[in-house]
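*Asks:* dropping the sequence and predicted coords here.
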Amino acid sequence: MPVQDLEAALRRSDEAVQAISAGDPGPYMNLFDDGPDVTLFGAWGPIERGAEAVRRTFEWVGGRFGPDGGLVPEREILWASGSLACTVGFERGEVQVDGGPLVPMTIRVTHIYWETDGEWRLVHRHADFPPPDQRGE
């Protein structure tokens, strides 16, 4: 699959993250493959397997966010080989959660993409809130 196709998928992913973090989960849900082995390790706790379970969780996540603000993806690493690609980075911005005021949010994120039937689709998201560095340095 040409690199530009992966780059287009990454742009769609960036736009979808901005949409879900402003309350619209549809574009993000559409990025995920329909297979039974699609997985989510969510920042707010849910661990899901299977397309339907993942989509239901994204509906819940999108419902927690208000329309103001949003998160912007920052990819630190992009690795691709054959039909698999992985990104590692952050999503940062200001968001409304559960009807509250705008607050800063940073999430660490790893995405795994799979090229299938001529299209790059997400098959895994692992996200969490960065914990404090406990090394004490």
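*Replies:* Thanks, I have the structure now.
*Asks:* make it CA atoms for all contacts and neighbour counts henceforth
*Replies:* Noted.
*Asks:* report the rounded mean pLDDT for the strand ranked longest in the chain.
*Replies:* For the chain, the strand with the greatest residue count under DSSP state E is strand 65-81. Average pLDDT, strand 65-81: 96.
*Asks:* do stretch 27-45 as well
*Replies:* 95.
*Asks:* can you check stretch 111-124 too?
*Replies:* Mean predicted confidence for stretch 111-124 is 94.
*Asks:* gap between the longest helix along the chain and the chain center?
*Replies:* The single longest helix within the chain, with elements called by DSSP state H, is helix 3-20. Offset of helix 3-20 from its chain centre (C-alpha atoms, centre = their mean, to the nearest Å): 10 Å.
*Asks:* which residues sit against that helix?
*Replies:* 25-28, 31, 61-62, 65, 70-73, 119-121 (C-alpha atoms under 8 Å, 6 or more residues apart in numbering).
*Asks:* mind doing that once more with 7 Å?
*Replies:* For helix 3-20, contacts defined as C-alpha atoms under 7 Å, 6 or more residues apart in numbering pick out 25, 27-28, 62, 70-73, 120.
*Asks:* repeat for stretch 79-93
*Replies:* 70-78, 104-115.
*Asks:* for it, which positions count as buried?
*Replies:* Buried residues in stretch 79-93, defined by neighbour count with 16 or more other C-alpha atoms under 10 Å: 84-93.
*Asks:* I'd like the distance between Asp68 and Val109.
*Replies:* 22 Å (C-alpha to C-alpha, to the nearest Å).
*Asks:* quick one: which of these two has more around it?
*Replies:* Val109 (23 against 14; other C-alpha atoms under 10 Å).
*Asks:* wait, doesn't the more buried one sit right on Ala127?
*Replies:* Yes. Val109 is within contact range of Ala127, at 4.4 Å (criterion: C-alpha atoms under 7 Å).
*Asks:* buried stuff in the host helix or strand of Arg55?
*Replies:* Arg55 belongs to helix 51-64 when assigned by DSSP states H and E. Neighbour counts over helix 51-64 (16+ other C-alpha under 10 Å) mark 51, 53-55, 57-59, 61-64 as buried.
*Asks:* about what we covered before: helices or strands up against the next helix or strand after the longest helix of the chain?
*Replies:* With elements assigned by DSSP H and E, the helix or strand that comes after helix 3-20 is helix 26-29. With contacts defined as 3 or more C-alpha pairs under 7 Å, 6 or more residues apart in numbering; DSSP states H and E, helix 26-29 has these neighbours: helix 3-20.
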